[in-house]
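dropping the sequence and predicted coords here.
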Amino acid sequence: MVESEWLALEAAKGDPAAFGLLVRQHQSRLRGFLLRLTKGNSALADDLAQETFIEGYRKIRQFNSENFFGWLCAIAWSRFLMEARKRKLEPLDEQPEMADDAPEPENASLVRHDLETAMAQLHPMQRAALTLCFALGLSNEEAAQSLNIPLGTLKSHVNRGRAKLALLLGDWRKVQVS
Amino acid sequence: MNLDEMLSQPLPDVPDNGFTARVITHVKAAERRRAAAIMIATMIGVTILCLLIPLPVFTAAIGLTVFQLGTSPLVGWAAAALVLTFLIDRVLTTDRGLLQF
């Protein structure tokens, strides 16, 4: 058993220090995930991350999966959906419009900026699926479990997201060349 | 850099900047609120029970039962039989030299 899962069991026994270590261990990746979901709104991402950890502590005795971070992502994803519906920040059944400003990928930070800008054009489910599977390194099964969708649906979101990203990033490269 | 490599880049590191401390403070506050709610609910429940249960009737019933037990010849005979059995057992054990201190 890896450290996080052991700490989760200790926290479930009522050890707040163990939960503190878990928060310290996972805060960066979870906030990064939520930052991408909220398209860079750091205040909202931090609020959601905080709510996720608090709910995680409340439900820590229900934790029975093998991947603590995946379990946290599931809570974070449901929190994000609730918030998006409540605030109507992002209609989940519509695609946002294309951004007008097309940055030129000259170095690593610009490439990242390109990627984040392109990511913001994706459907939240596609963004979440790609982030979990690629940047956060979850397996397809773990990602599907975190997003509460069947494995086939997850693969479909990943493929569609990749295809759209390739199109968006390809367009920007063409702009740069011309 | 191809698309998969771009996607597989780890997310930028987000510095803690007191985030963990804030979460733990909120968690502890939530725990205190939960404990207080449980205590208040328990106190209300006990108060309601105390008001509803006819305590004088129970007390009188217990007193009567104790008095009846104390004056009952059958209970007396049973207690005497127990004491007698214990004494006989002690005597027999001592006679056989089984008690070795």
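Yes, it's here.

list the buried ones in the helix with the most length in chain A?
The helix that spans the most residues within chain A, counting by DSSP state H, is helix A:151-177. The neighbour-count check on helix A:151-177 (16 or more other CB atoms under 10 Å in any protein chain shown) flags A:Leu154, A:His157, A:Val158, A:Arg160, A:Gly161, A:Arg162, A:Lys164, A:Leu165, A:Leu168, A:Leu169, A:Trp172 as buried. The way it works is simple: take the backbone N, C-alpha and C, and place the C-beta from them, glycine included.

so who does the second one touch?
What that stands for is A:His157. Neighbouring residues of A:His157 by CB atoms under 8 Å, 6 or more residues apart in numbering or on different chains: A:His123, A:Met125, A:Gln126, A:Ala129, A:Leu130, A:Ile149.

what is the neighbour count of the last one?
Under the neighbour criterion other CB atoms under 10 Å in any protein chain shown, A:Ile149 is assigned a count of 17.

could you check the pLDDT of it?
Per-residue confidence for A:Ile149 comes out at a pLDDT of 95.

for it, phi and psi?
phi -130, psi 160 (degrees, to the nearest 10).

who's in contact with A:Ser65?
So A:Ser65 contacts A:Trp71, A:Gln145 (CB under 8 Å, 6+ apart).

OK, now which residue of chain B is nearest to chain A?
For chain B, the residue closest to chain A is B:Leu11, as judged by CB to the nearest CB, at 3.3 Å.

tell me the SS of B:Asp16?
coil (DSSP: H, G, I helix; E, B strand; the rest coil).

now A:Ala129, nearest residue through space, not along the chain?
In space, and not counting its chain neighbours, A:Ala129 is closest to A:His157: 4.2 Å by CB to CB, 6 or more residues apart in numbering or on different chains.

where's the one you found relative to B:Gly18, distance?
35 Å (CB to CB, to the nearest Å).

what about stretch A:77-89, near chain B?
No. Judged by CB under 8 Å from any CB of the partner chain, stretch A:77-89 makes no contact with chain B; its nearest approach is 13.8 Å.

please identify the buried residues of that stretch?
A:Trp77, A:Arg79, A:Phe80, A:Leu81, A:Glu83, A:Ala84.

give the contact list for the third one.
Right, the one you point to is A:Phe80. A:Phe80 touches A:Leu34, A:Leu37, A:Thr38, A:Leu48, A:Pro124, A:Ala128, counting by CB under 8 Å, 6+ apart.

make JSON lines out of those and add neighbour count.
Output for these, formatted as JSON lines (neighbours: other CB atoms under 10 Å in any protein chain shown):
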{"residue": "A:Leu34", "neighbour count": "28"}
{"residue": "A:Leu37", "neighbour count": "25"}
{"residue": "A:Thr38", "neighbour count": "22"}
{"residue": "A:Leu48", "neighbour count": "25"}
{"residue": "A:Pro124", "neighbour count": "20"}
{"residue": "A:Ala128", "neighbour count": "28"}
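
which one of those residues is nearest chain B?
After measuring these against chain B - CB to the nearest CB - the closest member comes out as A:Leu34, at 9.5 Å.

and the pLDDT at the closest one?
So A:Leu34 comes in at 95 (pLDDT).

so it is in which element?
Secondary structure from DSSP states H and E places A:Leu34 in helix A:16-37.

now the angle from the helix or strand following that helix to helix A:16-37?
Going down the chain from helix A:16-37, the next helix or strand is helix A:42-58, by DSSP H and E. Angle, helix A:42-58 to helix A:16-37, by axes from the mean of the first three to the mean of the last three CA atoms, to 10 degrees: 140 degrees.

quick check: buried residues in helix A:42-58?
A:44-46, A:48-57.

nearest to chain B: which residue in chain A?
For chain A, CB to the nearest CB, closest residue to chain B: A:Gly32, 3.3 Å.

can you get me a residue count around that residue?
A:Gly32 has 20 nearby residues by other CB under 10 Å.

show me what contacts it?
A:Ala135, B:Leu11, B:Pro12, B:Asp13, B:Val14.
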